[in-house]
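Starting from these lines, generate the structure:
(chains A and B)
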Amino acid sequence: MYDGAGCEESLSLSMESTSLPPALELKEVFFGYGADDVLEDVSLTLEAGSFLAVVGPNGGGKTTLLKLVLGLLRPRKGRIRVWGLPPEQARRLVGYVPQSRTFHQGFPITVEETVLLGRLGTGSDLGGFSREDRVVARQAMERVEVADLARRQLRTLSGGQLQRVLIARALAGNSRILLLDEPTANVDARAEEDVFELLRRLQGETTIVVVSHDVGFITSYARQVACVNRRLVCHPTAELTGEVIQQMYDTPVRLIQHGHRHGHH
Amino acid sequence: MEFFSALAQHTFLQYALLGGLLASVGCGVMGTYVVVKRIGYLAGGIAHAVLGGMGVAYFFGAAPIVGALVAALVAALLVGWASLGREEERDAIIGALWASGMALGILFISQTPGYNVDLMSYLFGNILMISSSDLLLMAALDAVIIGATLLFARLFLAVCFDEQFALVRGVRVRLVYLFLLCLVALTVVLLVRVVGLILVIALLTLPAAIAGQLVGTVRRMMVVATVLGAVFTTSGLALAYGPDLPAGAVIVLLAGLTYLAVSVLRRRGSRSRFGLRQSGR
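Model (predicted):
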């Protein structure tokens, strides 16, 4: 059933302007940390304005895929382009929301400062933050509804609040594509729904790629789903059934549905 | 008080006071980075490697402070370069540098002919021996530290807070980190004269660690830590003068006791996990 041929066609949910390069393009990408390939023959084209969910079992290569797109890892073979640019050059166009906290939890920093750091790479990084930096950071905080927390210490936030702040930080960098790695891994169910609602609102304004192990939840929000387990197979969410997922994970998975119903075949 | 009348009379006391104040600036600013980046052990390694440089310089008849500067910078680059991307090996690398630096220093000092240098003053410092040229050097080092911190404030904050995110935003993380370590090395040299290399780490980290319990941003920590450093060095000097105690040890002890007291008070005052204020105000 899976030929691993990628999903050039199925994901071409294009916007009107076709002159833009695709937000993301992977062509026959291979990657491995050692002798074995973690990712094999991965191809993917994502048009501007898409909302893609990347799902798959642990160790299947989801985070590796994101790191390749960020240019933190280099593919063994194949080509990756972000807005037509190699990943290293496209970093400034990418807003990244990491999976785990990549910082010490007790670090003395305010919410506003955290979001301001998202402005790095948008101009000269020397000296203090400019008025424009502060305006953009304020707007980013307002978009995710954390503006009232601006003066709070980062370490005093709840998991859901922190996740919003990290999304604001990613938005503050004028990013044209948002990569989120397990954005709901450390938050409770209510906050999880909040985060996905937020992403739903951002949808259309920006291109979004969300990595999640939580198939049921994410599929009710994203329009396309890429299953990654060494190879990558794409589905429009409507086609995603329990059977399909089960084959991907090699174990029975219950497809929990939230909101709308998927069409089961 | 005896100290203040003596202060008016003796130039060496005035120099000592000024030296303490100049050292406070460096320890407040760079100490804050050391504390928030959690590289106290690394700074300790650099401090002890400094003895190697001092010993070699002394043996060849050069000024020990020059040897200290060179050794500190070499140590910082060595540790920084060797441990980049190999976090798990970092402790071992620092430990090796720490011990070998000291061993090198002891060997060279022991082989230096003639009048044997007072090893104790390197290890524990002697703030009363600060000369006017020392003060000039300290002022210059402070200027470099403050200038660099103003210019690179955003990059230092980014690299201390979240290296991976900084990297993704196109920051040259390794370069910034190595530069920060070099500034830490300069600060260590700045402080060695005041409290000696064994106690450097205390003066570098304690004021900033206390500040971290009182305020919630890096910038405020720097200001508070500088003020605390000034208070500790001045009062330590004053307390040590009467009974003729080693000033460096008194200064560090004051800082240590204050840290302890503040920690206990904060833990009692707040049940929050970090015992810290809830807002940045």
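
use CA for all of it now, contacts and neighbours both
Noted.

Now do the SS call for residue B:170.
With DSSP: H, G, I helix; E, B strand; the rest coil as the basis, residue B:170 sits in coil.

What is the burial count for it?
16 (other C-alpha atoms under 10 Å in any protein chain shown).

do the same with residue A:214
Neighbour count for residue A:214, taken as other C-alpha under 10 Å: 18.

residues contacting it?
Contact analysis of residue A:214 by C-alpha atoms under 8 Å, 6 or more residues apart in numbering or on different chains lists residue A:55.

Now do stretch A:199-209, average pLDDT.
On average, the pLDDT along stretch A:199-209 is 84.

what's that stretch in contact with?
A:23, A:48-54, A:176-180, A:221.

Could you measure from the closest residue to residue A:212 other than its chain neighbours over to residue A:209?
The shortest distance from residue A:212 to any non-neighbouring residue, by C-alpha to C-alpha, 6 or more residues apart in numbering or on different chains, is to residue A:182 (4.8 Å). Applying C-alpha to C-alpha, to the nearest Å, the value for residue A:182 to residue A:209 is 10 Å.

who has more neighbours, these two?
The residue with more neighbours, out of residue A:182 and residue A:209, is residue A:209; 25 against 20, by other C-alpha under 10 Å.

how many neighbours does residue B:202 have?
Neighbour tally, residue B:202, other C-alpha under 10 Å: 22.

hang on, the earlier thing: ok, the residue nearest to residue A:212 touching residue A:196?
No - using C-alpha atoms under 8 Å, residue A:182 is not in contact with residue A:196; the gap is 11.2 Å.

mind listing the strands for the stretch 51-200 of chain A?
Secondary structure of the stretch 51-200 of chain A (DSSP state E, counting those that start in this stretch): strands at A:51-55, A:77-82, A:94-97, A:177-181.

among the ones you listed, which is nearest residue B:151?
Among those, the nearest to residue B:151 by C-alpha to C-alpha is strand A:94-97 (25.2 Å).

got a pLDDT number for residue A:243?
For residue A:243, the predicted pLDDT is 61.

Quick check: phi and psi on the nearest residue to residue A:40 once chain neighbours are set aside?
Nearest residue to residue A:40 in three dimensions, chain neighbours excluded: residue A:30, at 4.7 Å (C-alpha to C-alpha, 6+ apart). Main-chain dihedrals, residue A:30, degrees, to the nearest 10: phi -120, psi 140.

What's the local residue count around residue A:30?
By other C-alpha under 10 Å, the residues close to residue A:30 number 21.

Can you tell me which helices and strands the strand or helix carrying residue B:6 packs against?
Using DSSP states H and E, the element containing residue B:6 is helix B:2-9. Here helix B:2-9 touches helix B:11-37, helix B:218-241, going by 3 or more C-alpha pairs under 8 Å, 6 or more residues apart in numbering or on different chains; DSSP states H and E.

now the angle from the first one to helix B:218-241?
Just to be clear, that refers to helix B:11-37. Taking axes from the mean of the first three to the mean of the last three C-alpha atoms, to 10 degrees, one finds helix B:11-37 and helix B:218-241 inclined to each other by 140 degrees.

quick one: buried residues of helix B:11-37?
Neighbour-count burial for helix B:11-37, with 16 or more other C-alpha atoms under 10 Å in any protein chain shown as criterion, is recorded at B:12-37.

Run through who's touching the helix holding residue B:6.
Against helix B:2-9 from outside (C-alpha under 8 Å, 6+ apart): B:13-14, B:238, B:241-242.

State the pair within the residues you listed that is farthest apart.
Greatest spacing in these, by C-alpha to C-alpha: B:14 and B:242 (15.4 Å).

Could you double-check that residue B:165 lies in contact with residue A:95?
No - the pair residue B:165 / residue A:95 is not scored as a contact, 9.5 Å apart, by C-alpha under 8 Å.

Which one of the two is surrounded by more residues?
More crowded of residue B:165 and residue A:95, by other C-alpha under 10 Å: residue A:95, with 28 against 24.

returning to that earlier point: run through the buried residues of helix B:11-37 and flag the ones next to chain A.
Residues shared between these and the neighbourhood of chain A are residue B:36 [C-alpha under 8 Å from any C-alpha of the partner chain].

one step back: okay, the helices and strands packed on helix B:2-9 in CSV with mean pLDDT next?
Formatted as CSV, the helices and strands packed on helix B:2-9 follow (pLDDT from 0 to 100):
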stretch, mean pLDDT
helix B:11-37, 92
helix B:218-241, 94
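
These into JSON lines, with extra columns for distance to residue A:167?
What follows is the helices and strands packed on helix B:2-9, written out as JSON lines (distance: least, C-alpha to C-alpha, whole Å):
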{"stretch": "helix B:11-37", "distance to residue A:167": "23"}
{"stretch": "helix B:218-241", "distance to residue A:167": "22"}
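
Those helices: which one's closest to residue B:56?
Proximity to residue B:56 (C-alpha to C-alpha) singles out helix B:11-37 among these, at 24.6 Å.

What angle do helix B:2-9 and the closest one make with each other?
Between helix B:11-37 and helix B:2-9, the angle comes out at 110 degrees (the same axes, to 10 degrees).

list the helices and strands the helix or strand just after helix B:11-37 packs on?
Helices and strands here follow DSSP H and E; after helix B:11-37, the next one along the chain is helix B:40-59. For helix B:40-59, the packing partners by 3+ C-alpha pairs under 8 Å, 6+ apart come out as helix B:64-83, helix B:87-111, helix B:173-214.

How far away from the center of its chain is helix B:40-59?
Taking C-alpha atoms, centre = their mean, to the nearest Å, one finds helix B:40-59 lying 12 Å from the centre of the chain it belongs to.

Could you tell me the angle between that helix and helix B:64-83?
Going by the same axes, to 10 degrees, helix B:40-59 makes 140 degrees with helix B:64-83.

what angle separates helix B:40-59 from helix B:173-214?
Relative orientation of helix B:40-59 versus helix B:173-214 (the same axes, to 10 degrees): 110 degrees.
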